[in-house]
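Peer 1: I'll drop the sequence and a predicted model, then ask my questions.
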Amino acid sequence: MKKIEAIIRHFKLEDVKSALDEQGVRGMTVTEVRGFGRQKGHTEMYRGTEYTVDLVPKLKLEIVVAESAAQGVIDTLVQAARTGQVGDGKIFVSDLTQTVRIRTGEVDGDAI
Amino acid sequence: MKKIEAIIRHFKLEDVKSALDEQGVRGMTVTEVRGFGRQKGHTEMYRGTEYTVDLVPKLKLEIVVAESAAQGVIDTLVQAARTGQVGDGKIFVSDLTQTVRIRTGEVDGDAI
Amino acid sequence: MKKIEAIIRHFKLEDVKSALDEQGVRGMTVTEVRGFGRQKGHTEMYRGTEYTVDLVPKLKLEIVVAESAAQGVIDTLVQAARTGQVGDGKIFVSDLTQTVRIRTGEVDGDAI
Amino acid sequence: MREQKVRDGWRLPARLLAAALTASAWFGAAAAAGAESETPQSAALAAAEADRPVLDSGDHAWILTSSALVLMMTAPGLAMFYSGLVRKKNVLGVIMQCIFLMAMMTVIWALYGYSLAFGGSGPWIGNGEFLLMRNVQMSGGAAPMEGSIPRLTHMLFQGMFFIITPALIVGAFAERMKFSTMVVFMILWGTFVYCPLCHWVWDGGILFDGNEYFPIGGALDFAGGTVVHISSGISALVCALLIGPRLGLGSQPMPPHNLTYTALGAAMLWVGWFGFNAGSALGASGLAASAFAATHFAAASGGLAWSACEWLLRGRPSLLGACSGVVAGLVCITPGSGLVQPISGIFIGLAAGAACFFACTTLKARFRYDDALDVFGVHGVGGTLGALLTGVFATRHVKGGSAAVGLLEGGSAWINQIVATAITWGLAIVVTFVLLRILDATIGLRVSQQEEIQGLDLSQHGEEGYIFI
Amino acid sequence: MREQKVRDGWRLPARLLAAALTASAWFGAAAAAGAESETPQSAALAAAEADRPVLDSGDHAWILTSSALVLMMTAPGLAMFYSGLVRKKNVLGVIMQCIFLMAMMTVIWALYGYSLAFGGSGPWIGNGEFLLMRNVQMSGGAAPMEGSIPRLTHMLFQGMFFIITPALIVGAFAERMKFSTMVVFMILWGTFVYCPLCHWVWDGGILFDGNEYFPIGGALDFAGGTVVHISSGISALVCALLIGPRLGLGSQPMPPHNLTYTALGAAMLWVGWFGFNAGSALGASGLAASAFAATHFAAASGGLAWSACEWLLRGRPSLLGACSGVVAGLVCITPGSGLVQPISGIFIGLAAGAACFFACTTLKARFRYDDALDVFGVHGVGGTLGALLTGVFATRHVKGGSAAVGLLEGGSAWINQIVATAITWGLAIVVTFVLLRILDATIGLRVSQQEEIQGLDLSQHGEEGYIFI
Amino acid sequence: MREQKVRDGWRLPARLLAAALTASAWFGAAAAAGAESETPQSAALAAAEADRPVLDSGDHAWILTSSALVLMMTAPGLAMFYSGLVRKKNVLGVIMQCIFLMAMMTVIWALYGYSLAFGGSGPWIGNGEFLLMRNVQMSGGAAPMEGSIPRLTHMLFQGMFFIITPALIVGAFAERMKFSTMVVFMILWGTFVYCPLCHWVWDGGILFDGNEYFPIGGALDFAGGTVVHISSGISALVCALLIGPRLGLGSQPMPPHNLTYTALGAAMLWVGWFGFNAGSALGASGLAASAFAATHFAAASGGLAWSACEWLLRGRPSLLGACSGVVAGLVCITPGSGLVQPISGIFIGLAAGAACFFACTTLKARFRYDDALDVFGVHGVGGTLGALLTGVFATRHVKGGSAAVGLLEGGSAWINQIVATAITWGLAIVVTFVLLRILDATIGLRVSQQEEIQGLDLSQHGEEGYIFI
Ligand SMILES: Nc1ncnc2c1ncn2[C@@H]1O[C@H](COP(=O)(O)OP(=O)(O)O)[C@@H](O)[C@H]1O
Ligand SMILES: Nc1ncnc2c1ncn2[C@@H]1O[C@H](COP(=O)(O)OP(=O)(O)O)[C@@H](O)[C@H]1O
Ligand SMILES: Nc1ncnc2c1ncn2[C@@H]1O[C@H](COP(=O)(O)OP(=O)(O)O)[C@@H](O)[C@H]1O
């Protein structure tokens, strides 16, 4: 079991979702995050004060897949989420030691 | 150290919390997420337009426990978060290489 | 590649960011979370009802760094995020098996 | 509101003067002002003219304004106040109920409601005099009058009460009632509780002050203590009991999801209530000013009283408490606003703040009914208290005339107040109970568990309140 | 609005009476009331005095109130209604456009707008009579009058319309127009569409009811069907077509980010519209009451109609639907509010709710223009329907006089309504098209893709709406 | 406001006419209209009657409406405006302060405030004439009058100013003051700053226009430049200096958490300000219209000026800037609203927008006081500028009479304006300083660090603003 975490741009969500769907991915979890990186933020002004906001809104996707499917998903993600501009985001992959479906108690391969 | 991530339904939070409490779990971190899986979403209508919302609001719990306690926590989670309906959620378990308590600098076992 | 997750207090964000910046860390991802631990929550009253809110607002930072840089980042985090009061938070470290920069497809060391 | 036709004193001589002027002037006019004599009329005609009610544009301006204010009370006012108190997933459900009631009750009022409430002056119910706006609308370029304002305006102003009264009840069954059932229930409730009660109290019926049918029932209700607050508050309790508590009450937290809405809504209620109470003078008279001041003072002292209770008993005053106290004060002063001195409003507000605090905390906790947004605790308790205190504080100085009115000046109005309050409680309990039982047996009161968990916004209306992603 | 000077019947005898009184009284005064004779004046002078328009404080109070209500319609009303409908990243952009238009259009109105619209009474455009508030402001402690209210108040009330009309258009190009271009466009649009049209319809121009230049164009437009709603709704469609759809439309979801705002804003529009329509009687007359009631009934039935359509066709009524229906009803009753009976308002509202539901769903979907917030669907369609239905339902009972007016009572107003509507469509289409083409070629209509993705709040104004972290 | 009793010109002949009519008419009446002679009165009596102030229902309607509008300014208006500007964790704290002040100041006003401010007409302070509403409330069914409106209404209208003035100060110490200390401070401030100042300026005291005690202090302050804005703005600066900056200022970002609230609140302030300024005419007179227009124009041009400054100096106009400019324009026109021509309002607004922009950006940055929500920058600076510009632009055309008033027409009012402004600054600085020092030494001004970090919502009131989970 691999857990693939991808930080992407908001407006790429629909594209990514349908690309993964074609890939056969049937589940994922999405979180609102704010990212800090090479992409410059922006400045905001409120009366006398100027703020440099370098935390940019992003989405984090968490997708758990079987070892074998991982690379395919990663490739799809890279393709669907890319705009070519700084700030497209990152993919982080890690190992899971166990996976359980709460509804049934099934584990690992059967759980996702 | 194991990190247990559980995706659960909102209204199960209180049940889960008290079950874990009995289990002796003393800490966790909760995040608002949106999940996509077998559970069908719903449709929303706004004037002329219909949206199919397949991202369902869920909560993600992150619980770090000692290796030995992990299985007990997982079992408790499965029990407390289950309704039996599609959409109950998943549990993902992974290894941690290190844990630190910021306040004291304690590490690993002492840190949680 | 190590993934460092830190749960910190909201108002420590700026301090932590600039400390990490000096350290040479160039990216991170921030999430709003609610934490449960030794720090006592507070009570809220709404007309007849009193609620004990034991989920305290926190920020979760995710920082991916090269193996070699990890310890330095952890130390910096501990220092910058500490107030000494209960509730300062935790740091969790885990291994990543792969890292990809979506924009370029670069992997691992080059990706962060 | 008929009993409010008693205006403050300066009007009387003014009227007589005007009549005299009219008559005398025409003599002069006939003799002297040749240029103006295109319309020769006799003095007799002129005198008749003087008896016809004449539109007072100032009175009219105030009642038009008041009508707008009272509509504003339901939405945005009440809609905001209530919607902040529910959980996020039900926020639209509550607002929808308010907005939909604004639409639906208005059409009912136009078709038959006004006629049932204000047609004729029999003891029990109105007649068909104003069905479909007959005898209300303009004809030949002129508008039928009701006192110094067009009857259209009287209809409008009263129609706003017909909206807010059922909208108040909505708080009792919030977060769990089927929308379709609510629609049917409110049509019936408006027809079988509100219209008769309104007729009894304000159009010469059995609770009308000075009616001949049942003199002991004759109640002082300047702006809606019985008609609006007791009726809705008591019905709300019946609703809460029959529909049962929300799923998870006690085990899951159900704090207000947006107290800023609740507070801003309460402020709008405060502002709008000036239309409600001072508008009930049906003119921009001294009486309107007095009612305005009493209302303002009671709101203020109600807020202070509830805050003081919290401060003393719980260590700190909350915004929700202050706002609840303000609303309690406003509810409680309503029946007496144009009958008591403003300074008495301070006492009435203090009493209301304390009593409703007690009702919403101790009482509700003890009896464990789930009156979700405290309609009974505020409107039922505050309205009842207000009706009784009106019997204590009402004074001839405000009401006019020379007879003693309230208990404090030796009058006996308090007896009538008790009788009328009891009758109103009875009516509200019985009719609401019967209606809900029937609806429960037929179309069902509650949404399914599944839908309740999902929230009314999605399950009943297919929408989400906030999409901040 | 000049054609509204026809007041309800009771005023006429009252005026004559007053004149007679004045004349006769002075005879008496001269003879008897010695103490008051500091200002000896002859009866002739007194008669002249009687012809001078006299300020009626009640009328004035109502129009001042109405002016405040109509300003409230633009913000918070419309600003809230619209801003809830866009995505979070554009929420400030929409509100800014409303607030900025309030400021900018007001200054234009003061400088030359009012003069262009209401100066003189030529067929095409106003004159310089009121430039820079000449002949409008007080002089020597006295205010020039317009009927029974100061001309200042007339100017203010009308000025509020000059604000909200362009603000309505904002919904069409929401989420993508350059702020600077919007500013220039609205200055030009106000000058070249609104001011002439307003003059044509309300100040004796070619669409003025009973004008001599072009009698068949003489339209009935009590409160702004042509001037406000058709003009803005049709221009909005042109805007939507020329600026093109929002980036990602169809592929990305664009649900309203905060329906609570939309609903609360709609409620404020409902309340404010009483000022808009009943204020157009320019006094607290019976006619104002009638317009108020028609407005209220149409709003209510419009909300019911749209909800019913949704309930039947989609299984459940939505809050957005109910609110949209309310606004559709309000738009549609506007031209006829002071010309039809209130009870007809119910029919007009029902028709509007159904027609606009159809326009915003089927029609828009079929033709695929991106009228982001349905300005055409509600104001264009509702306004046009309202103008036509006014020709059907208008009645002498409300308008006064003895000639038949609407089709239903055998009148021929409907012909003029069609002509005037067509001319208004033509004006709005042509001028808006030309203006936008010029602006597109010079300063550009749209923000860059980058900016559109970032959202207008940050890219145009450097701010974020909500910072809840 | 006593100096506003100078009404526009048409009233004078009307009054004389009425008196004459009264006298003459009774002769006719006595002779002819037998049916009306139940109350035989002599011509002398009638003449006396004519001298008694008579309620003008139109004037009254407008002032009742204005009172409601001014209450709306504090909440929802100001509460929304301010609460959007703070961080999320303090949103309820700010709203609570506004709502609680509404309640508390109202009760103080009823008990003794109105009497201190408006009782008698000595040079320094009011007397006990109106304590506990004596001589204000109705008696024997009649209401004591104040000009053409009941004194009750005068008391109400003025009472709304007694609420909003302290509420304005709240912005200076936002996010850090102890709630209990704020309560005590405001009781004292209202008693020792507001009441005397109000008496000096508006009730015949030493700053009253034309007072005999200290003629050079006689200020023109139509609606509250000195009494409301200077007093609150200057006191706010003292508060900000004495309480010190917020924890983390400069190092942590403190952007407004919800600019939609701020903008919607500003719009409500704009609308409510019509009541504030035009209501200060104390009637629906031509003067009210003129004040209404001047107010509207200044708000508009203030918004434009601030936006222009931002556009030029920072590349883009912000919504917060536009709204701040609107409020600055409104503040600045307040003292002159009923004394200058509306068209001058445009200049005054432009000056205000630019000056307050400078004060809130450059000035505040240079001196590093933490006036959290810019009360000094907007109300202190704008109010002072307004007082001075009133001395420049005030004109007899609006004020009536034949003497030159403002500098532009050769008058010398500007001298008095400077004197009165200086005295007001002095009073506000000294009393506020002393009060705060005492409170600091006794009960403490600030919450603990811990509580400040947690936020006032939780630490002071035990509530959270938004629970969107
Ligand atoms: N070292 C890191 N650890 C965790 N998240 C990171 C890291 N670097 C970047 N990110 C996330 O990836 C996002 C995009 O990174 P950025 O450097 O801006 O652009 P790009 O990926 O195109 O080089 C950031 O906003 C942040 O959320
Ligand atoms: N492959 C996956 N990777 C990450 N999260 C998943 C995955 N599959 C499901 N989830 C999460 O678990 C939740 C429940 O899954 P779902 O398939 O709907 O129901 P069930 O777990 O009962 O089979 C989803 O909403 C999503 O948040
Ligand atoms: N076992 C755990 N698993 C996951 N998160 C935890 C755990 N224990 C604590 N946390 C997180 O760390 C935060 C701080 O922990 P707490 O025990 O309150 O204070 P401290 O770290 O100072 O001992 C918590 O709010 C929670 O978010």
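Peer 2: Cool, the structure landed. Numbers count the residues shown, from 1 in each chain, chains lettered A, B, ... in the order given. Ligands and ions are numbered 1, 2, ... in the order given.

Peer 1: mean pLDDT per helix and strand in chain A: which one sits at the bottom?
Peer 2: Ranking every helix and strand in chain A by mean pLDDT, DSSP states H and E puts strand A:49-53 at the bottom, with a mean of 90.

Peer 1: pretty sure D:A284 is touching D:L64, no?
Peer 2: No - using C-beta atoms under 8 Å, D:A284 is not in contact with D:L64; the gap is 10.8 Å. Every residue, glycine included, has its C-beta placed from N, CA and C.

Peer 1: the stretch 51-200 of chain D: strands as residue ranges?
Peer 2: For the stretch 51-200 of chain D, the strands defined by DSSP state E, counting those that start in this stretch occupy D:145-146, D:149-150.

Peer 1: out of those strands, deepest packed?
Peer 2: For the strands of the stretch 51-200 of chain D, the largest average neighbour count (mean count of other C-beta atoms under 10 Å in any protein chain shown) is found in strand D:149-150, namely a mean of 30.

Peer 1: just checking, what packs against it?
Peer 2: Counting contacts by 3 or more C-beta pairs under 8 Å, 6 or more residues apart in numbering or on different chains; DSSP states H and E, strand D:149-150 packs against helix D:57-72, helix E:286-314.

Peer 1: paired strands for that strand, with orientation please.
Peer 2: In the sheet, strand D:149-150 lines up against strand D:145-146 (antiparallel) (DSSP bridges).

Peer 1: gap between the partner strand and the chain center?
Peer 2: Offset of strand D:145-146 from its chain centre (C-alpha atoms, centre = their mean, to the nearest Å): 21 Å.

Peer 1: look up how far E:G265 lies from the closest residue to D:D56 other than its chain neighbours.
Peer 2: Ranked by C-beta to C-beta, 6 or more residues apart in numbering or on different chains and with sequence neighbours excluded, the top spatial neighbour of D:D56 is D:S148, at 3.9 Å. According to C-beta to C-beta, to the nearest Å, D:S148 stands 35 Å off from E:G265.

Peer 1: cool, and A:D54?
Peer 2: Separation of A:D54 from E:G265 (C-beta to C-beta): 34 Å.

Peer 1: and for D:T395?
Peer 2: Separation of D:T395 from E:G265 (C-beta to C-beta): 43 Å.

Peer 1: ok, now D:G147?
Peer 2: Distance, D:G147 to E:G265, by C-beta to C-beta: 35 Å.

Peer 1: before we move on, the earlier item: residue contacts, the residue nearest to D:D56?
Peer 2: Contacts for D:S148 (C-beta atoms under 8 Å, 6 or more residues apart in numbering or on different chains) come out as D:53-56, D:59-60, D:282-283.

Peer 1: what's the burial count for D:L111?
Peer 2: 16 (other C-beta atoms under 10 Å in any protein chain shown).

Peer 1: grab the nearest non-local neighbour of it.
Peer 2: D:L132 (6.3 Å).

Peer 1: close enough to count as contact, that neighbour and E:I343?
Peer 2: Yes - between D:L132 and E:I343 there is a contact under C-beta under 8 Å: 5.9 Å.

Peer 1: shared neighbours, the two?
Peer 2: Shared contacts of D:L132 and E:I343 (C-beta under 8 Å, 6+ apart): D:A110.

Peer 1: low-confidence regions, chain A specifically.
Peer 2: For chain A, no stretch has pLDDT under 70.

Peer 1: now the residue of chain A positioned farthest from its centre: how far from F:K89?
Peer 2: Relative to the mean C-alpha coordinate of chain A, counting by C-alpha atoms, centre = their mean, the farthest residue is A:G48 (37.1 Å). Distance from A:G48 to F:K89, counting by C-beta to C-beta: 22 Å.

Peer 1: then D:F276?
Peer 2: D:F276 is 35 Å from F:K89, by C-beta to C-beta.

Peer 1: do D:T65 as well
Peer 2: Taken as C-beta to C-beta, the span from D:T65 to F:K89 is 39 Å.

Peer 1: give me the more crowded residue out of the two.
Peer 2: D:T65 (29 against 21).

Peer 1: hmm, the more buried one is touching D:G275, no?
Peer 2: Yes - using C-beta under 8 Å, D:T65 is in contact with D:G275, at 6.7 Å.

Peer 1: give the contact list for D:S459.
Peer 2: When the contact criterion is C-beta under 8 Å, 6+ apart, the partners of D:S459 are D:447, D:450-452.

Peer 1: highest neighbour count among those?
Peer 2: D:V447 (23 neighbours).

Peer 1: what segments of chain A are strands?
Peer 2: For chain A, the strands defined by DSSP state E occupy A:2-8, A:28-36, A:42-46, A:49-53, A:56-65, A:90-95, A:98-101.

Peer 1: now whichever residue of the stretch 201-350 of chain D sits closest to chain E: closest residue in space that isn't a chain neighbour?
Peer 2: Residue nearest to chain E within the stretch 201-350 of chain D: D:Y261 (7.4 Å; C-beta to the nearest C-beta). Nearest residue to D:Y261, sequence neighbours excluded (C-beta to C-beta, 6+ apart): D:G84, at 3.1 Å.

Peer 1: then D:G465?
Peer 2: Of all residues not flanking D:G465 in the chain, D:V91 sits nearest, at 4.2 Å (C-beta to C-beta, 6+ apart).

Peer 1: repeat that for D:V107.
Peer 2: Nearest to D:V107 is E:A300, by C-beta to C-beta, 6+ apart, at 5.2 Å.

Peer 1: residues near residue 81, how many?
Peer 2: All of this is about chain A. A:A81: 24 surrounding residues under other C-beta under 10 Å.

Peer 1: please go with chain D instead
Peer 2: For D:F81, the neighbour count with other C-beta under 10 Å is 26.

Peer 1: again, but for D:V183
Peer 2: 17.

Peer 1: that one contacts D:M105, doesn't it?
Peer 2: No - with contacts counted by C-beta under 8 Å, D:V183 stays clear of D:M105, the gap being 10.7 Å.

Peer 1: give the burial count for D:T191, as a bare number.
Peer 2: D:T191 is flanked by 16 other residues according to other C-beta under 10 Å.

Peer 1: same check, this time on D:L241
Peer 2: The local packing of D:L241 (other C-beta under 10 Å) involves 18 other residues.

Peer 1: what of A:T83?
Peer 2: Neighbours of A:T83 under the rule other C-beta under 10 Å: 15.

Peer 1: give me every residue that touches the residue nearest to it when sequence neighbours are not counted.
Peer 2: Leaving aside its sequence neighbours, A:T83 sits nearest to A:R9 (C-beta to C-beta, 6+ apart; 7.0 Å). For A:R9, the contacting residues are A:58-59, A:81, A:83, A:87-89, by C-beta under 8 Å, 6+ apart.

Peer 1: residues contacting D:G279?
Peer 2: Neighbours of D:G279 in contact, by C-beta under 8 Å, 6+ apart: D:62-63, D:65-67, D:69-70, D:157, D:223, D:288.

Peer 1: and the two most separated of these?
Peer 2: D:T65 and D:A223 (15.4 Å; C-beta to C-beta).

Peer 1: hmm, back to that, so who does the residue nearest to D:L111 touch?
Peer 2: D:110-112, E:343.

Peer 1: picking up where we left off before, ok, the spatially closest residue to the residue farthest from the centre of chain A that is not a sequence neighbour - how many residues close by?
Peer 2: Closest residue in space to A:G48, ignoring its immediate chain neighbours: F:T361 at 4.1 Å, by C-beta to C-beta, 6+ apart. F:T361 is flanked by 22 other residues according to other C-beta under 10 Å.
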